[in-house]
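> Return atomic coordinates for the entry below.
(one chain, ligands or ions: 2)
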Amino acid sequence: MMNVKTALTIAGTDPTGGAGIQADLKAFQEREVYGMSVLTSAVAQNTLGVQSIHNLPTAFIEQQLKSVFTDIKPHAIKTGMIATIEMMELIADYFEQYRAIPYCLDPVMVATSGDVLMEEASQTMIKERLVPLATIVTPNLSETEILVGRKVTTIRAMEEAAIEIVNELGAQTAVVKGGHLEGGAVDVFYDGNQIHHLISERFDTPHTHGTGCTFSAVITAELAKGKSVLEAVKRGKVYITDAIRYSLKLGKGNGPTNHWGYRLKGLPNERGYSK
Ligand SMILES: Nc1ncnc2c1ncn2[C@@H]1O[C@H](COP(=O)(O)OP(=O)(O)O)[C@@H](O)[C@H]1O
Ligand SMILES: Cc1ncc(COP(=O)(O)OP(=O)(O)O)c(N)n1
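Ligands and ions are numbered 1, 2, ... in the order given. Sure thing, here's the model as predicted:
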């Protein structure tokens, strides 16, 4: 009997391969999980930022979901860029039928470049419809601020926000990512019971395009394998740390993470991947 685990990402694209569906599929592959993808928006973007966005018709997104779910049912699902309220409603309605499948919600709202990836009205919808369905929500600091409606600039505030996302907004667990905070790279995880800090050194590199997508995709892959949410997040942190440690100086702007970085662990960085 085949024991291959499968994961589905529902997200937008990055033709330069650093973020969105492309990053998710690379991470699934590296974690030995069969990757599938449903496209929400075709995004013309690169390491310099977003040039243009083409949202797919909701009916076509629904058709893609049907193609997947009637054929290869995923063991875990991740959502990234969901640009409009209509898309969000469709996806929430769909997920309500599949509550047993672990679901990682990366509430992508604004790219690090500052480009808006979601309609403002969708921000309320994500809280009301998708967060309560999520096994884990993985916001960065600015997404966390939108979810909880206040500034989040300290570890203590990250803890309070993670607790609120679980206890009040209804997610099963949350990991608030501290990639944009000063000091070490500290993420705060809460599971309704305990707070855990995931801590790594901070790399002084501009090449961090796609870090959030990569981190949540690894979490999704590990959930597909049946790992606990905390174990999945710990593995995601190890993977993303090495993906940034050896990140790639590609393009004219902020280069992408290195998905084979974890395989170089402990080796001298003789190819000069990062910086
Ligand atoms: N310069 C860095 N050095 C080490 N880890 C980082 C760095 N920047 C981000 N991270 C880590 O990458 C992951 C993604 O975080 P973040 O950059 O906050 O997300 P996003 O890409 O969604 O803005 C987190 O685990 C965070 O701690
Ligand atoms: C299509 C698409 N989805 C998500 C993002 C955001 O990527 P993220 O990993 O949060 O990191 P940055 O690229 O913003 O640094 C994106 N750019 N495109």
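> Which residues does the host helix or strand of residue 61 contact?
Applying DSSP states H and E as the criterion places residue 61 in helix 58-69. Outside helix 58-69, the residues that touch it by C-beta atoms under 8 Å, 6 or more residues apart in numbering are 8, 10, 36, 38-40, 74, 84, 86-87, 90-91, 94, 98. Every C-beta, even on glycine, is put in place using the N, C-alpha and C of the backbone.
> Just give me the closest of these to residue 134.
residue 91 (11.6 Å; C-beta to C-beta).
> OK, contacts around the closest one?
10, 61, 65, 79, 82, 130.
> Can you say which of the contacts of helix 58-69 are buried?
8, 10, 36, 38-40, 74, 84, 86-87, 90-91, 94 (16 or more other C-beta atoms under 10 Å).
> hang on, the earlier thing: in CSV, list the C-alpha atoms belonging to the helix holding residue 61.
Extracted in CSV, the C-alpha atoms of helix 58-69 (Å, rounded to 0.1, in the frame of the first residue of the first chain):
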residue,chain,number,x,y,z
THR,A,58,-13.8,32.4,-8.3
ALA,A,59,-15.7,29.8,-10.4
PHE,A,60,-12.3,28.6,-11.8
ILE,A,61,-10.8,28.4,-8.3
GLU,A,62,-13.8,26.3,-7.4
GLN,A,63,-13.2,24.0,-10.4
GLN,A,64,-9.5,23.6,-9.4
LEU,A,65,-10.5,22.7,-5.8
LYS,A,66,-13.0,20.1,-7.2
SER,A,67,-10.3,18.7,-9.5
VAL,A,68,-8.1,18.1,-6.5
PHE,A,69,-10.6,16.9,-3.9
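> and the helix or strand just after it, does that touch ligand 1?
Of the helices and strands lying after helix 58-69 in sequence (DSSP H and E), the nearest is strand 76-79. No. Residues of strand 76-79 are not located near ligand 1 by C-beta under 6 Å from any ligand atom, the shortest gap being 12.9 Å.
> now swap in stretch 200-216 and tell me
Yes. Using C-beta under 6 Å from any ligand atom, stretch 200-216 reaches ligand 1 at 200, 202, 203, 208, 211, 212, 215.
> Which of the residues you listed fall within strands?
Using DSSP state E, residue 200 are the members of the residues of stretch 200-216 next to ligand 1 that sit in strands.
> Now residue 142: closest residue in space, sequence neighbours ignored.
The shortest distance from residue 142 to any non-neighbouring residue, by C-beta to C-beta, 6 or more residues apart in numbering, is to residue 110 (6.2 Å).
> To clarify, my last question referred to residue 25.
residue 35 (4.3 Å).
> So residue 170 belongs to a strand, correct?
No. Under DSSP: H, G, I helix; E, B strand; the rest coil, residue 170 falls outside any strand and is assigned coil.
> for the residue lying closest to it once chain neighbours are set aside, helix, strand, or coil?
Of all residues not flanking residue 170 in the chain, residue 132 sits nearest, at 3.6 Å (C-beta to C-beta, 6+ apart). Secondary structure, three-state DSSP: residue 132 is helix.
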